[in-house]
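Trainee: Sequence and predicted structure, then a few things I'm wondering about:
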Amino acid sequence: MIAVEKLDFFYGASQALHGIDLRIPENRVTAFIGPSGCGKSTLLRCFNRMNDLIDGTRIGSGRILIQGVDIHDPDVDVISLRRQVGMVFQKSNPFPKSIFENIAYGLEVQGVKNRRRLEEVVEKSLRGAALWEEVKDRLHTSALGLSGGQQQRLCIARAIAVEPRIILMDEPCSALDPIATAKVEELIHELKRSYTIVIVTHNMQQAGRCSDLTAFFYLGRLVEMGRTEKIFTNPVQTQTEDYISGRFG
Amino acid sequence: MPDSQSTPAPERSVALAIRKEKRFRPLGLTADSAIRRFFQGNAAFAILALVLIMVFLLREGAGFFGQNSRGIRVYRLAGLEYVDIIKGQLDRHAELTRAANALRLKIYSDALAKGAAPQAATAALAGFDAFAEALGDASEDVRSLASDLTEQAAAVKQREQIYQDSIEQKAMLIRAGKAGAAAAVSSVAVDFGREIKALSASLPIYKDANRLFAKKLNASLAMAGPQSVPAAWTPQLSGLKAAAERYAATFPEVEAELAAWRYDAPVPWYRSVTAFLFGRQWLTASFWQDWYGIIPLFIGSLLVSLIALLIAVPLGVVAAIYVSEVAGTGEKTWIKPAIEFIAAIPSVVLGFFGVAILGQSLRAVSETTWLAWVPGFPMSERLNAFTAGCLLAFMAIPTIFSLAEDALTNVPRHFKEASFALGATRLQTILRVLVPASLSGLISAILLGFGRVIGETMVVLLCAGNRIAIPDFTQGLGAFFQPVHTMTGIIAQEMGEVVPGSIHYRALFMVGIVLFLLALGINYVAQRVVQRYRISIG
Ligand SMILES: Nc1ncnc2c1ncn2[C@@H]1O[C@H](COP(=O)(O)OP(=O)(O)O)[C@@H](O)[C@H]1O
Ligand SMILES: [Mg+2]
């Protein structure tokens, strides 16, 4: 689904990623783990070219293929790429609009005006994010009135409303309490059936609970990647073992 | 853990330290509280200055209403009001005559445009000219009566003025201890009742003159037969005639008004306030009657500000969007300081530029034929509301730009990222997320730009044309190109010439108070809007 080949990435003069090589399979949850500043978010934001928004960033060498298409090819339309590759951020970031408008936003910017269609998609997305029952009576109130966990699920609903193939999640639960975290994890489990999910997490238990594959990064390099049980029980590299057992990081 | 009895030593040293600190307190203040007092004092000083300004403005301005009320009373007692009723009738007649002349000009130039020779065109209008002349002369008798009455009333008013002056002089002498000199000052009170009799006695004469007026008017209308104008213009001619007939029909009303008029009818207390707030004339140092109505100045200020905002808001906001969302860091580092530098240009320099260059070039542009379709073009005056508005827009741009840019950059970055991540374009992100999220900030930027513009003095004084009149809004957008005077401009222009304590002086202070309240109101609303905005972003 996603293939990264020998990717070097720079913020201005400083190199954040060194020769990353990995493959992310379809309809699986892949977790990125590693100490802070090792480049997990940077790599994740390469997949939907969010790094384009930051001045001075560039790909040094290597490429990223999504379904066989090099996403940095000049012919690739970054808008349609981002519709295929949705993103959920660390800090939940609903717009200061109503719940309905938040979910409908992605379709409206595509030019969908049909009210019926929008209503259908809003309901479907909210059900998909397991939020419908909680908010169906207050769709037209401000999204900022929701609790933190609900806001994050709203952001997931907003991402799936445009029907992407891939969903990128950058530490989606780091600001949530354990109950809200459990709900989001349950949701990730559900979403796996229809989407390819890449999740960055700091939380080892979370990586263990919800991912199929785990990639461990250290200082901008991919140290090891494999099936989650394998990485957690029997890693090849000692660095991985040290990190997982909590000896550093 | 040691108990309290076993450690007496540290306790004593703490007590010593406290006593030591006490010794170093000048005026009983510690360094900390002295600093606090210092800042408190500065803040208090600013507030005190504000209060003093308000008290000063109110004290100087408050006397205005009493004086204005007296002025209006004398206006009635001396019969000026009576004469003005007749003058109003004559003014409406003059309007009618002007309309007739305007129609003649149109017909004439239309004939020329169709290739007629000037002599032929004039000859064809001979019938109309006779009518127009007769129409203009119809008011003769009423006019001469009005001018007699004007002199009478003005003389009465002047005697009243002399009497008031003499009273004042006496009071001054008595205060100075010169009772003898005071007694020698002659002062004769005006007996308005007797004086006014001469005026009211003219009513039958007026009625006769008026009857003659109506007759001549009708006679002139009879002269304007269908042949007096080319066939295409008959609708206009009959429109004019209908207006004249409507006018003639008001004569009995004028007569009734004159008959009912009483010189000693009381002037209601609010008259002096309404005459100021809703008065449509600002007329000073006139031999007849001074009027201090703020409306022409208020409208002038608003019109100039409106023009300035119409130009500055799009420019300032779009520049702010460009700098905060589109420009690269390289561009940002020079665009922002460049725009903000505009604020440092002294306004008198801008005003000078307006007089010397902008007014001239705008007029040159307005005279080009391919712009003739713009209402108000070609401009009749080089200096007008539009010239001043352009310069004020230039001055408001830095204010609007800086505040709008702040509001936009204060929108949390994650809103923008969320929008891009959903596949929105840059324009969609700006219009659908950034602008709504910073809307209150943008509104308050515009309001503060408005505050900046309405308080500006130098530029409007130099470039607005300084004609104290309500612009003729029947010309639509053409009103933008008429000269106006403003509240700030009138204060700057007249304050140097007035006698302190006179009614004119106090009227200028009242204008100042209105400006002050307006600025206060604008700032208050802007602050409220910003508060709402903080809450909505959370
Ligand atoms: N906008 C940026 N500009 C410059 N350097 C950055 C930027 N964002 C991240 N970095 C650097 O890139 C490296 C990787 O960061 P990041 O991908 O955020 O790490 P992680 O998500 O694994 O904690 C860090 O050294 C960080 O300092
Ligand atoms: Mg990160």
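Mentor: Good, I have the coordinates. Ligands and ions are numbered 1, 2, ... in the order given.
Trainee: Near chain A, which residues of the stretch 301-450 of chain B? Just list them.
Mentor: Applying C-beta under 8 Å from any C-beta of the partner chain, we find that the stretch 301-450 of chain B lies next to chain A at B:328-329, B:412, B:414-425, B:428, B:432-433, B:436-437. For every residue, glycine as well, the C-beta is placed using N, CA and C.
Trainee: From the residues you listed, keep the buried residues only.
Mentor: B:414-424, B:428, B:432-433, B:436-437 (16 or more other C-beta atoms under 10 Å in any protein chain shown).
Trainee: Narrow the residues of the stretch 301-450 of chain B next to chain A to those in strands?
Mentor: Among those, none falls in strands (DSSP state E).
Trainee: In helices, which of the residues you listed appear?
Mentor: With DSSP state H as the criterion, helices contain B:329, B:414-421, B:428, B:436-437 from among these.
Trainee: For ligand 1, tell me which of those residues show up nearby.
Mentor: Counting by C-beta under 6 Å from any ligand atom, nothing from these sits close to ligand 1.
Trainee: least confident pick among those residues?
Mentor: Scanning those for pLDDT, the low point is residue B:329. It has 82.
Trainee: where in the chain is pLDDT low?
Mentor: All of this refers to chain A. A:248-249 (pLDDT under 70).
Trainee: Chain B was what I was after
Mentor: In chain B, residues with pLDDT under 70: B:1-27, B:533-538.
Trainee: what about the longest helix in it?
Mentor: Max-length helix for chain B by DSSP H is helix B:31-77.
Trainee: on contacts alone, who are the packing partners of it?
Mentor: Judged by 3 or more C-beta pairs under 8 Å, 6 or more residues apart in numbering or on different chains; DSSP states H and E, the packing partners of helix B:31-77 are helix B:140-175, helix B:271-277, helix B:503-537.
Trainee: ok, residue B:90 touching residue B:141?
Mentor: No. Using C-beta atoms under 8 Å, residue B:90 is not in contact with residue B:141; the gap is 11.2 Å.
Trainee: Show me which of these two is the more surrounded one.
Mentor: residue B:141 (18 against 15; other C-beta atoms under 10 Å in any protein chain shown).
Trainee: OK, contacts around that one?
Mentor: For residue B:141, the contact set (C-beta atoms under 8 Å, 6 or more residues apart in numbering or on different chains) comprises B:208-209, B:212-213.
Trainee: how does it look with 10 Å?
Mentor: B:205-206, B:208-213, B:216 (C-beta atoms under 10 Å, 6 or more residues apart in numbering or on different chains).
Trainee: Same check on residue B:463?
Mentor: B:304, B:350-355, B:358-359, B:382-392, B:483, B:489 are the contacts of residue B:463 under C-beta under 10 Å, 6+ apart.
Trainee: Redo the helices and strands packed on helix B:31-77 as TSV? Include distance to residue A:162.
Mentor: Output for these, formatted as TSV (distance: least, C-beta to C-beta, whole Å):
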stretch	distance to residue A:162
helix B:140-175	80
helix B:271-277	58
helix B:503-537	25
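Trainee: can you redo those as TSV with distance to ligand 1?
Mentor: Formatted as TSV, these follow (distance: least, C-beta to the nearest ligand atom, whole Å):
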stretch	distance to ligand 1
helix B:140-175	79
helix B:271-277	59
helix B:503-537	23
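Trainee: Any idea which of those helices gets closest to residue A:17?
Mentor: Smallest distance to residue A:17 across the helices and strands packed on helix B:31-77 (C-beta to C-beta): 33.8 Å, for helix B:503-537.
Trainee: Residue B:148 reaches residue B:201, doesn't it?
Mentor: No. Between residue B:148 and residue B:201 there is no contact under C-beta atoms under 10 Å: 11.8 Å.
Trainee: okay, these two: which has more neighbours?
Mentor: Relative neighbour count places residue B:148 above the other of residue B:148 and residue B:201, with 12 against 9, counting by other C-beta under 10 Å.
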